[in-house]
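Colleague: Could you work out the structure for the sequence below:
(one chain, ligands or ions: 1)
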Amino acid sequence: MNSQLNKVIATGGWKSGQPCPDREPGKVHSFRDIQSKPSPTAQGRKAGERLITSQCKFCGCLIVDCPTINL
Ligand SMILES: [Zn+2]
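Modeller: Residues are numbered from 1 along each chain as shown. The predicted structure follows:
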């Protein structure tokens, strides 16, 4: 477990369906949001955009600054 703890595997976006090395073959990362911050751009803030950091609860890898709009 946590073989990739705090290793950043993607920035600004994420291609889903990537296999997780700490799970059985064929299983993918399972991310949970650990941090979010307002968009750095005025236009993004106006749209309600936030940048999310997510961590896989199995291997510990990170996806940083992934834009999300809260509806
Ligand atoms: Zn993983």
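Colleague: Now P40. Its backbone dihedrals?
Modeller: Backbone torsions for P40, taken as degrees, to the nearest 10, come to phi -70, psi -10.
Colleague: Ok, the one 4 residues further on next?
Modeller: Listed backbone geometry of G44 is phi -60, psi -40, with angles given as degrees, to the nearest 10.
Colleague: do the same with R50
Modeller: Per degrees, to the nearest 10, the backbone of R50 is at phi -130, psi 160.
Colleague: Roughly how far does the closest residue to P19 other than its chain neighbours sit from G48?
Modeller: Setting aside the residues directly before and after it, P19 is nearest to V28 in space (Cβ to Cβ, 6 or more residues apart in numbering), at 5.9 Å. Just so you know, the C-beta spots here come from the backbone N, C-alpha and C atoms, and that holds for glycine as well. From V28 across to G48, the span is 28 Å (Cβ to Cβ, to the nearest Å).
Colleague: quick revisit: so how far is S16 from the residue nearest to P19?
Modeller: Per Cβ to Cβ, V28 is found 7 Å from S16.
Colleague: more neighbours, the two?
Modeller: When neighbours are counted by other Cβ atoms under 10 Å, V28 comes out ahead of the other of V28 and S16, with 13 against 7.
Colleague: got the contact list for the more buried one?
Modeller: Shown here is V28, whose contacts under the criterion Cβ atoms under 8 Å, 6 or more residues apart in numbering are S16, G17, Q18, P19, C20.
Colleague: Show me the subset of the residues you listed that also lies near the ion.
Modeller: C20 (Cβ under 5 Å from the ion).
Colleague: I appreciate the help and will end here.
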